[in-house]
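>>> structure for this input, please:
(one chain, ligands or ions: 1)
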Amino acid sequence: MTAKILDGNALAQKLRTDFKTRAEALAARGTRPGLAVILVGEDAASQVYVRNKVNACAQAGFHSEKITYTPDVDPRVVLEKIAELNADPKIHGILVQLPLPKHFDSDAVLRAIAPEKDVDGFHAENVGALMQGQPRFIPCTPYGIMKFFAEAGIDLKGKEAVVLGRSNIVGKPMAMLLMQASATVTVCHSQTRDLAFHTRRADVLVAALGKARFVTAEMVKPGAVVIDVGINRLPDGKLCGDVDFAAVSEVAAWITPVPGGVGPMTITMLLANTLEAAERGTR
Ligand code: NDP
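Predicted coordinates:
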């Protein structure tokens, strides 16, 4: 079997065209969707992510502000800035790029963002709303993955779904969304015994561990849908996912590549959340 590709660039392009039209309609009524991105420190990967987010905003016709701080900044300065952005009518979404330096209380920073501007969906109030099945903002990476299923017509009802990873930003919200779509969900993590036993049962397998090419063909059920969230840098500088793409493509029915799969969709859903926040503000 040669798996069909779930093309993140193509789906992202399609969605962003729609967002641009919606943003123009809003702008005609006097509101331009606005995103503020806060970056603390000099982490190379974070700098790339922030640049990509700001560029995506510009292409979609959104207003964006990038606020950068040196790694030794006093956390109170960042909290004051968040309070200012919470009150700024030009800003509909606020995002703090993670991870923050060690002297920060990341939870306190996320809690400082007004829940109605928390476009990453990491504020405890928004996590609770998602858990109750009434999301205000769905975290961008799992939101983008759900769009792949919808676009490809993959019905999750009654399917065995296995999520590798239990982080707050990917694994947990992913599991919640799959469960709400009526899949039977198993979440695996670093303490899971016999991981391959679980992965081989998966009709839908989401790999979000951050371990290069961890998922091999032997771990995948023939005909499975395989979603690769991982972004890992190999010694030669190239990017690869958590899935052995070449070998698993021979077994799976559907697969996301890295790059060009989940990554572009994550940024796209950040635009979606910012646009939705702006639209809500004008209703
Ligand atoms: P975290 O490091 O926060 O979480 C990793 C999870 O994987 C943890 O739950 C950990 O278990 C689990 N894990 C680690 N090693 C193993 C193992 N050997 N067996 C089973 N489980 C394991 O990572 P994130 O969730 O933030 O990100 C995961 C990956 O996705 C990274 O590569 C990241 O770069 C990428 N990513 C990509 C995005 C995109 O847009 N494409 C967006 C966000 C992340 P435990 O909890 O027990 O420690």
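
>>> going by C-alpha atoms from here, please, whenever you check contacts or count neighbours.
OK.

>>> ok, now which ones touch the spatially most central residue of the chain?
Central residue of the chain (CA atoms, centre = their mean): Thr141, 1.8 Å from the mean position. Contact partners of Thr141, counting by CA atoms under 8 Å, 6 or more residues apart in numbering, are 169-170, 262-263, 265-266, 269.

>>> only whichever of these are buried, select them in ChimeraX.
Typed into ChimeraX, the next command selects the buried ones out of those (criterion: 16 or more other CA atoms under 10 Å):
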select :170,262,263,265,266,269
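
>>> in stretch 178-194, what's buried?
Within stretch 178-194, the residues that count as buried by 16+ other CA under 10 Å are 178-180, 182-188.

>>> and it, is it in reach of the ligand?
Yes. Stretch 178-194 is in contact with the ligand by CA under 6 Å from any ligand atom, via 188-191.

>>> averaged pLDDT, that stretch. What do you get?
Stretch 178-194 comes out with an average pLDDT of 98.

>>> can you list contacts of that stretch?
Residues contacting stretch 178-194 (CA under 8 Å, 6+ apart): 133, 156-166, 171, 175, 195, 198.

>>> please repeat the previous calculation with a cut-off of 6 Å.
Outside stretch 178-194, the residues that touch it by CA atoms under 6 Å, 6 or more residues apart in numbering are 156-165.

>>> report the secondary structure state of the closest residue to Gly41 other than its chain neighbours.
The shortest distance from Gly41 to any residue other than its chain neighbours is 3.9 Å, reached at Pro71 (CA to CA, 6 or more residues apart in numbering). Taking DSSP: H, G, I helix; E, B strand; the rest coil as the rule, one finds Pro71 in the coil state.

>>> do the same with Lys66
strand.

>>> that one pairs with what?
Beta-bridge partners for Lys66, by DSSP bridges, are Val37.

>>> strands along the stretch 101-250 of the chain, start to end?
Applying DSSP state E, counting those that start in this stretch to the stretch 101-250 of the chain gives strands spanning 160-164, 184-188, 204-207, 225-228, 232-233, 239-240.

>>> farthest pair within the contacts of Thr141?
Spanning the widest gap among the contacts of Thr141 are Ile169 and Met265, at 14.5 Å by CA to CA.

>>> and the buried residues of stretch 178-194 as TSV, adding distance to Gly93?
Converted to TSV, the buried residues of stretch 178-194 look like this (distance: CA to CA, whole Å):
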residue	distance to Gly93
Leu178	25
Met179	27
Gln180	25
Ser182	30
Ala183	31
Thr184	33
Val185	31
Thr186	32
Val187	30
Cys188	32
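
>>> which of these lies closest to the ligand?
Closest to the ligand out of the buried residues of stretch 178-194 is Cys188 (5.9 Å), distances taken as CA to the nearest ligand atom.

>>> my read is Thr17 is in a helix, agree?
Yes. Thr17 forms part of a helix when assessed by three-state DSSP.

>>> and it, how far from Ala56?
Thr17 is 12 Å from Ala56, where distance means CA to CA, to the nearest Å.

>>> those two: who's more crowded?
With neighbours defined as other CA atoms under 10 Å, Thr17 and Ala56 compare such that Ala56 has more, 19 against 13.

>>> wasn't that one part of a strand?
No. Assigned with three-state DSSP, Ala56 falls outside any strand and is helix.

>>> which bits of the stretch 1-150 of the chain sit near the ligand?
Checking the stretch 1-150 of the chain against the ligand by CA under 6 Å from any ligand atom, the hits are Thr141.

>>> okay, and the beta partners of Val226?
The partner list for Val226 in beta bridges (DSSP bridges) reads Leu205, Ile255.

>>> just the pLDDT at Met146, thanks.
On pLDDT, Met146 comes in at 98.

>>> that one - how many residues pack around it?
Met146 has 17 nearby residues by other CA under 10 Å.

>>> over to the one 10 residues further on?
Counted by other CA under 10 Å, the residues lying close to Leu156 total 20.

>>> that one: what's it in contact with?
Leu156 sits next to Ala183 when contact means CA under 6 Å, 6+ apart.

>>> switch to 10 Å and redo it
Each residue near Leu156 by CA atoms under 10 Å, 6 or more residues apart in numbering is listed here: 146, 149-150, 178-184, 203-204.
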